[in-house]
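Undergrad: prediction below, plus the sequence it came from.
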Amino acid sequence: MNALKRAILAAACTAGIAVAATPALAQTTLRTVMHSDLKILDPIWTTAYIVRNHGYMIYDTLLAQDEKGDVKPQMVEKYETSADNKAYTFTLREGLLWHDGKPVTSEDCIASIKRWAVKDSLGQKMMTFVASIDAVDAKTFTIKLKEPTGLVLLGLSKPSSNVPFMMPKRVADTDPNKQIEDFTGSGPFVFVKDEWKPGDKTVYVKFDKYKPRAEPASGLAGGKLAKVDRVEWRAISDAQQAINALSKGEIDFIEQPSHDLLGTLKKDPNVNIVISPMLKAQYVFRPNTLHKPFDNPKIRHALWYAFNQEDFLMATIGDENYIKPCKALFICDTPLATTKGMDGLLTSNAKKAQELLKEAGYDGTPVVLMQSTDLKVLTNLAPVAKSLMEKAGFKVDMQSMDWQTLVARRSKKDPPDAGGWNAFMTAWVIADVMNPISTAYVNAACEKASFGWPCDAQLEKLRDDFARETDPAKQKAIAEAVQLRVIEFTPEIPVGEYVSPVAMRKNVKGFLTAPVPVLWNLEITK
Amino acid sequence: MYGYLFRRLLGTIPVMLVVAVFIFLMLRLTPSDPAAIIAGDNATTEQVAKIRGQLGLDRPIVEQFVIWSGKVLSGDFGESFFFKKTVAQLIGERIEPTLSLAFFTILIAVFVAVPLGVLAAHRHGSWIDRIVMGFSVLGFSVPVFVIGYLLIYLFAVYLDWLPVQGYQRISEGVGGWVQRLILPSVTLSVIYIALIARMTRTSLLEVLSEDYIRTARAKGQIERKVLFRHALRNAAVPIVTVIGLGIALLIGGVVVTESVYTIPGLGRLTVDAVLARDYPTIQAVILLFSFVYVMINLAVDMVYTVLDPRIRY
C-alpha cells in the first residue's frame, strides 16, 4: 500500500492539489450530529424530538426528573403543597436571568405554563383540575386546584414532548397555534440565530450568566453546567458519513448512530459507545379501531397471542446488546412497570390466536398494514407483523410507503379501501410512555384520542383516577389496572424495547443518564 | 439573432407555466401532509387540522394555486413551511455551495475529458483508446454515491488527506473552500468525464477522416496543430452540446453528491424539502432548476454560432 500511497501522492501533487490540514477548531466547541436537522424552533408548537432537544439547550424548566425519575426543583428554589393538596406554591431561585439579561419572574412562568398547557395533552388534562394560577410576587406564584391531582408535579417535570419550557412573558403570550419568533430562554446555552443554517448547522454558545443549581447534575435535574463555550449541531444526514466524521475527529458526538454501524465504531480506539439505560424506545403496534376487522376488540385481542417481541427486535435492531423484550406497558425498570396480565401473551401462540379469531367471528377482512420504508429502525417491523399475523390466521395487505406518507395517511379516518388504514407500527421514546396520562396510545377518548381513535369509557375512567391520585403506591395500582384493560381492549400492543446508544470521541466526558440526550455537563478533555 | 434570442426567451414563459402547474398539482396529489409532519408524532388530529388551516392547505387546490401563482408573479415565492425563512432567503443561502460544486465539477470534467477523448481518437484502436473507453463505460455504470464512498474511504479515512464531509464558504478562506470541494467535485465529475471523453473521441474520429484533415497533414502541418486547431474545432459542436447537457444534468448529480458530502446546497435543500413536503420550497427550487435548464440550452445554442460561423439563427 506504500507504493499506492506514493503514487496517489505524486498524482495529487502533479495536479496541483493543495492538501491543507483540517483547520483547527476551538478546544471548547462541541460538534455534534443529532438524530435530525433542526427546522422548527418552537418546542411548544411541535412535538418533534429534535425541537425538544433544542428546547433543552436554551430553555429551563421549573421542575425536572432526576436519574431515578424523582421530581426535583429546577428553576424553583422550593415548592410547597397545601395541607388539602389543592394548592401549590412555587418560589423561583434568586439570580435567574433571561438571555437578554432581564430577570425571570412569576409572570413569565405563568404565561409559559398556560401556553404549554394549551398544546400538551398532559397539560390539557392538568388544566382541567386547575382553578387559577396567580402571581404572589415577582418570585412566587401559586397554582390553585379544584380538586387534588398528581398531574401538577408530573406535568411541570414532564421530560419529553411537549416539555413545559419557561419563556419570557412577551414570548409565551404568543398564540400557542403560532410559532414563536423570539428565542430568548434562560437555559445554559444561547441560540445563535444568525448562524442557524438549516441543512448545515445550528449553533449555541454558553450563557455566561446562567446560574446552575448547586446539586450535581442527575438526569434532567441538578446543576446544568455548560462546560464548552460553543455547541454546533452539524446536519450530517448520511449515517455512514457521520461515523466517518466521528472517527476522523471532524465531529465529537453522535446522538443516534445507526445500530448496524456500531460494530465499525466499536473497533475505533478513539470512540466511546455509551449505552444510557434511559435512552430507550418502545416499539408498538397500533390498530385503527374505527374499521373492520379491528373495530372488534376480540379480534384485536388475538394479536397479543399472534406476536412475540424477540422477532420484532431481532429483525430491526439485530443485536442482543441493544434490545430488551419487555412486556411491561409502562416500560421495564421504571416505577410503574408491571407484567401483570401478561402471562401467556406475546409468545406467538398461533393456535390460541386462531381460536380467538374464530370465536370473534373474523371473516377474513384484510388488514391494511402500513409499512414505513425509509426509517431504518421501523422498516422491518411491518413485515414481521405480517408474517406473525398470517400464521395466526389474519389476512394482511401490507402497503409500503415513506414515513411522511404514513404520517399523513394515519390521520385519515376513511375506510382502508378509501385511503384509510387498519394498523401501523412505530416507536416511542420511553419518556413519552411511562404513565397512563402521557402515553398517547392509551388515551381512549374517542375523537380526541390519537390516530386509531379508540373509544373506551373504562380506560378513560382509569386514566382520570390516575390523574386524581397523588399517592405513588395507589398510582401504581391504577397503572396495573390500566395495563389489564389495555390487554383486554387492545388500543396498542408493545412489542419490545431497544436502546439507542450515543457515540462520542474518547475525550468527550460527562454524558448524563437521562431520558433525553442533553449536552450540558459534557466537556472536551485534552 | 437578437430576434431569435427574444423569441427563445419568450418561449420560456409557457415552459415555466407548464412546470409550475405540473409541480403544484403533483405535490398536492401526492399522499402526504406537511401539517402532520410539522405537528410531530405526539400531535392529535385536531392539532394537525389547525396547522393545516394555518398553512392554507385546507383550501381548494385551485384557490391555493391562484394565491401561489399570484405571489410568484410578483417575485414572492413565499415562506418555507418549516424553516421560518422565505424561500428566496433559503435559496440565497444554498446557491453558493451548489454553484461552487458545479463549477469545479465542470472544470475538472472538461480539462480531463477533452484531452482524454483527443488522445483516444488520435491513438484509435490502441491500448490507450481501450483504457479510455473502458474508463468511460465504468464512469457511466458506477453510481455517484459508490464513487463517493470509495473516494472518501481512500482519501479521507485511509490516507487522511482530505475532510470526510462538509463545506466551507469562500468568504471563510479560499484554501478550505477548495479543499472541501475536491472530493465532491471529483466524485461528481467522473460521469461527465466519461460522457465528454466518449463524445470527444467519436466526434473527433469522424472529423479526422475528412479531406481537410488529410490536406493539412499533406501540407506538413504538425500533428498537434492538426488535432487541436483543425480537428477539435470542427468537432466542437457536439462536444459543447454534451457539456451543456452535462451542466443541466448536474442538477440531478448535486442532489446525491451534496447528500453524501453534507454540502448545504440546493441539492440537499431539495431532498430535505421533498422529505418534509415543504411545498413552497420544492415549488421554487424546481422552478429555478427548470429555468436554469432552459437557459443552459439557450446558451449552448448561442455558443454554436461562435464555434461554427455557418450556423445562423
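TA: Nice, thanks for sending it over. Residues are numbered from 1 along each chain as shown, chains lettered A, B, ... in the order given.

Undergrad: could you list the residues of the stretch 51-200 of chain A in contact with chain B?
TA: Residues of the stretch 51-200 of chain A lying close to chain B by Cβ under 8 Å from any Cβ of the partner chain are A:51, A:119, A:121, A:161-162, A:177-179, A:181, A:197-200. For every residue, glycine as well, the C-beta is placed using N, CA and C.

Undergrad: show the pLDDT at residue B:270.
TA: On pLDDT, residue B:270 comes in at 90.

Undergrad: ok, residue A:264 next?
TA: Note on residue A:264: pLDDT of 89.

Undergrad: now the one helix or strand it maps to: buried residues?
TA: Applying DSSP states H and E as the criterion places residue A:264 in helix A:262-266. For helix A:262-266, the buried set under the neighbour-count rule, 16 or more other Cβ atoms under 10 Å in any protein chain shown, comprises A:262, A:265.

Undergrad: do the same with stretch A:291-306
TA: Judged by neighbour count using 16+ other Cβ under 10 Å, the buried positions of stretch A:291-306 are A:291-294, A:296-297, A:299-306.

Undergrad: reformat these as CSV; add pLDDT.
TA: Converted to CSV, these look like this (pLDDT from 0 to 100):
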residue, pLDDT
A:291, 97
A:292, 96
A:293, 97
A:294, 98
A:296, 97
A:297, 97
A:299, 98
A:300, 98
A:301, 98
A:302, 98
A:303, 98
A:304, 98
A:305, 98
A:306, 98
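
Undergrad: excluding its backbone neighbours, what's nearest the residue of the stretch 351-500 of chain A found nearest chain B?
TA: Nearest residue of the stretch 351-500 of chain A to chain B: residue A:408, at 3.4 Å (Cβ to the nearest Cβ). Nearest non-adjacent residue to residue A:408, counting by Cβ to Cβ, 6 or more residues apart in numbering or on different chains: residue B:33, 3.4 Å away.

Undergrad: now that neighbour: how far from residue B:81?
TA: Per Cβ to Cβ, to the nearest Å, residue B:33 is found 11 Å from residue B:81.

Undergrad: overlap in contacts, those two.
TA: residue B:277 (Cβ atoms under 8 Å, 6 or more residues apart in numbering or on different chains).

Undergrad: what about the residue of the stretch 351-500 of chain A closest to chain B, neighbour count?
TA: Residue neighbour count, defined by other Cβ atoms under 10 Å in any protein chain shown, stands at 21 for residue A:408.

Undergrad: that one touches residue B:45, doesn't it?
TA: No: with contact defined as Cβ atoms under 8 Å, residue A:408 does not count as touching residue B:45 (11.9 Å).

Undergrad: centre of the chain to stretch A:482-491, how far?
TA: Using Cα atoms, centre = their mean, to the nearest Å, the distance from the centre of stretch A:482-491 to the centre of the chain it belongs to is 23 Å.

Undergrad: what is the helix or strand harbouring residue B:301 packed up against?
TA: Per DSSP H and E, residue B:301 falls inside helix B:279-307. Counting contacts by 3 or more Cβ pairs under 8 Å, 6 or more residues apart in numbering or on different chains; DSSP states H and E, helix B:279-307 packs against helix B:2-29, helix B:61-73, helix B:87-122, helix B:236-261, helix B:266-276.

Undergrad: tell me the contacts of the residue of the stretch 351-500 of chain A closest to chain B?
TA: Taking Cβ under 8 Å, 6+ apart, one finds B:31, B:32, B:33, B:36, B:37, B:277 in contact with residue A:408.

Undergrad: and it, which of the three is it?
TA: helix (DSSP: H, G, I helix; E, B strand; the rest coil).

Undergrad: please name the nearest non-neighbouring residue to the residue of the stretch 51-200 of chain A found nearest chain B.
TA: Ranking the residues of the stretch 51-200 of chain A by distance to chain B (Cβ to the nearest Cβ) places residue A:200 first, at 3.6 Å. Distance criterion Cβ to Cβ, 6+ apart; nearest residue to residue A:200, sequence neighbours excluded, is residue B:264 at 3.6 Å.

Undergrad: now do the contacts for the one you found.
TA: By Cβ under 8 Å, 6+ apart, residue B:264 lies in contact with A:197, A:199, A:200, A:235, B:93, B:94, B:97, B:167, B:258.

Undergrad: any idea which of those residues is closest to residue A:475?
TA: Taking Cβ to Cβ as the measure, residue A:475 lies nearest residue A:235 of these, at 41.0 Å.

Undergrad: so for that closest one, what's the pLDDT?
TA: With respect to pLDDT, residue A:235 has a value of 91.

Undergrad: before we move on, the earlier item: the residue of the stretch 51-200 of chain A closest to chain B reaches residue A:235, doesn't it?
TA: Yes: assessed by Cβ under 8 Å, residue A:200 is found in contact with residue A:235 at 5.7 Å.
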